[in-house]
Every structure is written in structure tokens, then in C-alpha cells.
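Student: need coordinates for the below:
(2 chains)
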2 protein chains.
Amino acid sequence: MSTVKSINNNKVLQQTIKAISQKAKNASNQTSSISSTIKNKALLLMAEMLESNSEYLISENKKDLEYSSNKGMSGAMIDRLILNKKRIKSMAYSLREISKLNDPVGEVTRMWKRPNGLIVGKVRIPLGVIGIIYESRPNVTSDASGLCLKAGNAVILRGGSEAYFSNMAIVSIITKALSKADVPEDTIQIVPMTDRQAVVELLRQEESIDLIIPRGGEELIRFVSENSRIPVLKHYKGVCHIYVDEFADLKMAVNIATNAKVQRPGVCNSLETLLVNKEIAKKFLPLIRKEYIKADVEIRGCKKTLDILTDATPATEQDWYEEYLDLIISIKVVADLDEAISHITKYGSMHTEAIITESYTNSQEFLGRVNSSTVMVNASTRFSDGFELGLGSEIGISTSKLHAFGPMGCEELTTTKFVVYGNGHIRE
Amino acid sequence: MSTVKSINNNKVLQQTIKAISQKAKNASNQTSSISSTIKNKALLLMAEMLESNSEYLISENKKDLEYSSNKGMSGAMIDRLILNKKRIKSMAYSLREISKLNDPVGEVTRMWKRPNGLIVGKVRIPLGVIGIIYESRPNVTSDASGLCLKAGNAVILRGGSEAYFSNMAIVSIITKALSKADVPEDTIQIVPMTDRQAVVELLRQEESIDLIIPRGGEELIRFVSENSRIPVLKHYKGVCHIYVDEFADLKMAVNIATNAKVQRPGVCNSLETLLVNKEIAKKFLPLIRKEYIKADVEIRGCKKTLDILTDATPATEQDWYEEYLDLIISIKVVADLDEAISHITKYGSMHTEAIITESYTNSQEFLGRVNSSTVMVNASTRFSDGFELGLGSEIGISTSKLHAFGPMGCEELTTTKFVVYGNGHIRE
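Tutor: You can find the predicted model right below:
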């Protein structure tokens, strides 16, 4: 009996996911050509209606909080889950910011004329249907919806079970706003099932969904990548490096290396490994040690680092691969720029690396030879973020190279088509 | 015993593929920053040495031809496999053309300044390592190698067993050319195993390979897509449409619809379905019928087409989905532009569609609302090709939207990284 029931349930789930995906595809055919004016109107209405329905959102959110604390979720996790007036205001603010972004759809990125007179151009168009699979923070529900809409896409959301009631409530409000603005309601949909099989089904809808973006821990991202028939933009870890060059302004280097490690250690663009040129190691290491001690940062050093900072912990081979996301740093003394780049190539995650130097030649060589998604001179790795780089808002960070590499904004939710203006042209 | 042997063989195969992939990755770290001058020198040497080794290539090719005719391969297939002086000259010509293309690597696609003074830019970089899995024509071996090299990538080739000796010979010559030009030899490698398990292993090297491009029949492409852990740029079918609008120049429409169907029916950008506005159907259909009869094209028509062309075959529902790749065409009479677009959206493959019209408004609406990879006005669908559109050369055509959509040239073998110029910037 229970097998029969589970087969039936499975069938219902399959049909539901297929129907959602098909509705999204149909909606996207309309949403792709909606004017910026209408899309912006919808975004502003979404913001307004989230604010005016704060009490409803907060009461639905309470159900999630109760469920999670009964389940024994940690305080930090529960904190991320909370919706209050301030956080709802901030969700509305993000939507209003998205309404101010340039509409990428329709941009002619290039146009040229062929010798035979054909005029050929490339024009930005929406990707189509985007699936977002995420955990915890309910603000992702409105942020991702807003960005996908702005780029003319339909979106299918699949949030975590811990935020089920909050996410359902947010979507019910923002789809009302879509309706009011004459945007097809199916442009934004949420999967109302919390079991993992629903994710697996979603990842099989390659006929309807054009892109999957997972946002969450490494386990979620691996699960999505391994089970998807649809292209996935993935972000694994950020093992970010700063190389303090022989010609660095040491005061600047201390400032930046402190900021990159300490300001918010739990995020992917924080510093994990500091590479220090041997010529300035004796002068620089005691300076940075002082700051790290103040901020309670544990130092794990290579042999040469330990010669100078005798009280540091010896780093193991594994330390160079580590994304601590914590107040721990690994430090290695290197002979030169070459050794720094070799280290980054071997141990890095191609997220973000910076050089601190006053040498024009070394700065250019570092920018040219390091092919991580973001490469910086004399700036904190913490700037590697869609908003800080000027993309307006961020839908995620890609550490694989296809389609987008690094922070992704609205434009990365589009593709281009060729348009060709002829005059009766045929091929001979 | 045989199980033990097969396990051992499997292990050897796994190790070989892993070693090839690792060598490609190491090579790509160097090849990514090789100057255009050196890359072009290598391309010209490759061309020269292919020509000067024609006899060797032709004698190796003979082994493939013998094997294939013993296996009973069709004459058309064997013809595609043949290497002769003329075809080797044409391979050399392609390589010389690639040497003339702009080097996409290092191009700054945009650059802007943030309010805090950070200067942020996007710079084109190679993708890294590209795997090409293909069938039959040996010229793909040199064409794909040349394009990958020009874009600063390393390439791993896996040709079909029917061209084994030809492909091995081509690679042995072009890698000698690499050496002579001081480009790492491992920049171009070929998998020396012909069993399918080698492809499966290749598709698992996600740590080393950045992109897989399959070139061949639908069966090969499905196999690759379903087994790959690496992003795949795929090209399924080309069900291309031409819509002859109410306001078409009928003479032009006849010319283009004939050219698009007849000039080379076996390729993906040839016309498969003709949509004809009802207002001009009575006048246009007899005109195009005359041309199609001359060229031996079988017409499969909708009910309204049959009312006018009484001797045509009735089209079934399946016909509208069909990529004939043959002298067959399906014709449908539609009420208006809307119905034409709906038909394309429902049955199309998002490859290439054209409108024939003198109406400014209808041409703009068609260009705007049809989101196939190439959309044309008053031109034959046969122009949907990397070379014809001006990309210089073509590595394939993508019918999925991520990363590249439509014909792909050298630029599509690159990605972009962010570069950031700071001045001691830290985040507050």
C-alpha cells in the first residue's frame, strides 16, 4: 500500500513540476517582449505591496521560525530566517533599485556590414526560464524574482523547507503585483513542495527551463550540478588570495589584508591566504600579525613565516586549499611574483585575487596572468561583489567560466541573438 | 580472466584520459598568455606543414578508407572521409584564414569607474581547455584546433574511429608545428582510443576541461549531453522557417524560398517549413510550386495549401516538427504575423527564421518577437553560418541559449574576467 501511495505521490509531483515549468515557458514567451516601463511598474508595485503586507509576511514567517526552533536549528540560522519590518523594507528597497537598472533586453551589442551588403547585429534577449534553487534567507525570493523579471525572464523558485511559509507568502504578494501591472502571473512561480524529489524533477525540465542557479552551501550546489540536465551556473568556494609584492606600500597592504580577512570573514570574497614577498616579509609580517592579533585571527604559516612569526601555527598542505570562512588565515612567504601566481593557480578557486604593489610592471603582469574571475590591484577582495563592482545587484557568483565568470547581474540573465537585414540575399 | 583484463584496460583508459586532461590544463595555463604573433606563427606553420606532408596524410587516410569500405560504409560517408591534395589545401587555407582573425584574448569589453574611485573592467580571457567530440570529416581536426589555439585555449580532440589514422596523422603534424613556434605541444592533443568509454571518461574530467563541443549526429550529441559533467554547447536540429508576409515582394520570396530549400538541403540552416500569409497564398503558392517541381522538392501542405496546390501531399502534425535535411518542404498558410510567430514558437528549433516583407512594421515586429538564434529579413536562411555572418570561422552552432546562441566563432571560445584598479580601497 505505501509503495502504491508513494508511486502516486511521485506521479503527482512529476505532473506538478512539469505543469509549472510549462506555464513558466508560456509566460516567458510574453515576458520576453514586455516594455521596461511595465516591468519597472511591476517592480515598484512588488516593493509597495511587500511593505503594505508586512504584518501578513511576519505572521507567516513566525510559522517557519517555530518549526525551525522546534527542529533545533542554530541561532545563527534562525537569525537569517527572520522577517521583520526592517528586513521587509530592505527587500522593497532592493526591488526599487532593480527598477532603476538599465533594461538589458534589446541592447544591440554590435552591428556590422558584410561585403555582400547584409547587415548583421547581435541583440540581447532574455534567457527564457530560470530556476533558482536556494536555502534559508527569504529575501532571495524577492531579489531573484526582481532580477529575473527585469531581464525579461520567467522564474521558478525553489526555496528551502525552513522558509516554506515565508517564501509562499512573498510569492503570493509579488504575483498579485505582477497581475496589477499586467505582467503574466506565471512569470514568477514557486514550487510548493519541500521534498528533494521536487528538485530532481525540476532539474529534468530541460525542455522548458534554460538555466538553473543554485544558491546555498556546497552540498546543495553539488547535488544540483550532479542531477541537472539543464545548464547550471555554479559557485563553489572562494579561496581568495592577496599577494603583497616586494614593492607594496606596506601600510596599504596591512590595511587591505586586514579588511579582506576581518571585515566579514564568513563570506566567499574574504581573504583566505596571504602570499608575502620574501624581500619585505621581515618588515611586513610583524605589522600584519599585530592587526590579526587585535582581531583574534589565527595565523597558520609556512616554514619561512614561522621563522619570523615564531608563535604562528604551522600550515599543513591542506591549509592552502582551505576556505576557512572564519578568523583563520594561512600565510606563505614566496620568492617572487612567479611563485605567487603558481601558488594561486595550484591552490586557488578562481574567485578573487589581489596584488598590493606600487610597481607598474608587476601590477600589469598580475592582472594579465591571473585568470581568476576577479583580479585586483591595491583593493580589498571584499569588493568582489555584483553591487560593489557596479552591476547594480547580484544574482550569484559564477566560478565556472561558461556564460558568466564572477559576479552576475541582470545582464548575465540574458543571451544574444543574431539579427540579419537583407535585401533579397541568396547564397550562390 | 577476461573480466580482470577488462578492468585493467578500463584503468589504463581512465589513467590515460586523466593524464591527457591534466596535460591540457597545464598547457592552457601557458597558452592563455601567448602573444597573437606567436599564435599566428604557429597557425601558418600548421598550414605549411600539412601541405608539405600531403603524401603522408593521404597514405594514412587510405588506411581509414580501406577499413570503412570493408565495414560497408555508404559512399556518401566515405566521400566525407577522403583526404586528397585539394582537401588538404583547403584545410591549410582555413588555418591561414584563422591566423588573420582578430585575437579575442585581452580585449577590454567594457570599463567603468565606481563612485568610490575603483576602476572596473571586463577583459576577455580564454576558456581554458576545450574538448571536441566529432565524427567523420578529418578537416574538423585542424579547423577546431586552429580556432581553439587562436582563442588561447588548449584542446582535446576525440574524432570518430572511422577517421582514426587520418586524425592521428593530422595531429602529429600540427603538434610539430606548435613545437617549432614555441607553443606547448600539449596545447593540441588527441585521444588515441576509439572506444566509447574513452568519451565517457573525457566527459568526467570536470576538474580540467572547461567546455565540451560535440559535432555530429543527434545521437552523438544526446550521448554527450547526457553523460557530461562538463558544460556542453549543443546543437540539435535546425527546423528553419521562412514567413512570406502579406507585403512580400513575391519574386524575392520565390528566390529566397527556393535558395533556402534547394541550394544545399542537407544542412541545418536549410529551409524546412514555409509559412505563407493567406492574402498572397493564391498568387505565391503556384509560383513557388513551379520552382520546387523543377528542383524535385516534395511539398507537404496544410489543408489550405492543398486547396491551392491540389497535387501536394497532406502534411501530418509530425511534419511541422520535422528536420527533413532533404528535398521535402512543409507549407502552411497562416492568417497573419501572429499565427506565423505562434507556429515558429511551437514547432521551431530556435535555429534560424526569416520574414520576407516590404512592411517596415512587420519586419521590426518579426525581428523583435522571434527569439531564435538568428532572425532575418529578406535573406536566405542559408546565411546562418559563422563564416557568412562574419565571425571568420565557425566552431559550431549552439541552439541552447547559455554562453552562446547561434553560430560560434573564436570569441565564443573565450569568457571574461573582471579587473579592478584600486588605490588602497577597503570596504567600510
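
Student: any idea how many residues pack against A:Arg300?
Tutor: For A:Arg300, the count of nearby residues is 21 (other C-beta atoms under 10 Å in any protein chain shown). (Each C-beta comes from the backbone N, C-alpha and C, glycine too.)

Student: actually, A:Asn167.
Tutor: Applying other C-beta under 10 Å, we find 27 residues neighbouring A:Asn167.

Student: hang on, isn't it packed against A:Pro138?
Tutor: Yes - the pair A:Asn167 / A:Pro138 is scored as a contact, 5.8 Å apart, by C-beta atoms under 8 Å.

Student: tell me, how many neighbours does A:Ile174 end up with?
Tutor: Neighbours of A:Ile174 using other C-beta under 10 Å come to 29.

Student: joint contacts of A:Asn167 and A:Pro138?
Tutor: A:Gly159 (C-beta atoms under 8 Å, 6 or more residues apart in numbering or on different chains).

Student: and for the nearest residue to A:Leu127 once chain neighbours are set aside, the neighbour number?
Tutor: Among residues not flanking A:Leu127 along the chain, A:Asp210 sits closest, at 4.6 Å (C-beta to C-beta, 6 or more residues apart in numbering or on different chains). By other C-beta under 10 Å, 23 other residues sit near A:Asp210.

Student: what does A:Ser90 give?
Tutor: For A:Ser90, using other C-beta under 10 Å, the count is 13.

Student: cool, the one 3 residues further on as well?
Tutor: Residue neighbour count, defined by other C-beta under 10 Å, stands at 12 for A:Tyr93.

Student: can you check A:Ser59 too?
Tutor: 12.

Student: mind checking how far it is from A:Asn167?
Tutor: A:Ser59 sits 14 Å away from A:Asn167, taking C-beta to C-beta, to the nearest Å as the criterion.

Student: now do A:Glu226
Tutor: 24 Å.

Student: likewise for A:Lys304?
Tutor: According to C-beta to C-beta, A:Lys304 stands 51 Å off from A:Asn167.

Student: so A:Arg300: helix, strand or coil?
Tutor: Here A:Arg300 is strand, with the state taken from DSSP: H, G, I helix; E, B strand; the rest coil.

Student: and the gap between it and chain B?
Tutor: For A:Arg300, the distance to chain B (C-beta to the nearest C-beta, to the nearest Å) stands at 23 Å.

Student: quick check: bridge partners of that residue?
Tutor: Bridge pairing for A:Arg300 (DSSP bridges) gives the partners A:Thr313, A:Ser330.

Student: quick one: contacts for it?
Tutor: Contacts for A:Arg300 (C-beta under 8 Å, 6+ apart) come out as A:312-316, A:319, A:328-331.

Student: could you do A:His241 as well?
Tutor: A:271-275, A:340, A:343-344, A:348, A:353-354.

Student: cutoff 7 Å now
Tutor: A:273, A:275, A:344, A:348, A:353 (C-beta atoms under 7 Å, 6 or more residues apart in numbering or on different chains).

Student: what's the next secondary structure element after the host helix or strand of A:Glu226?
Tutor: Assigned by DSSP states H and E, A:Glu226 belongs to helix A:218-227. The element immediately downstream of helix A:218-227 (helix or strand, assigned by DSSP H and E) is strand A:240-244.
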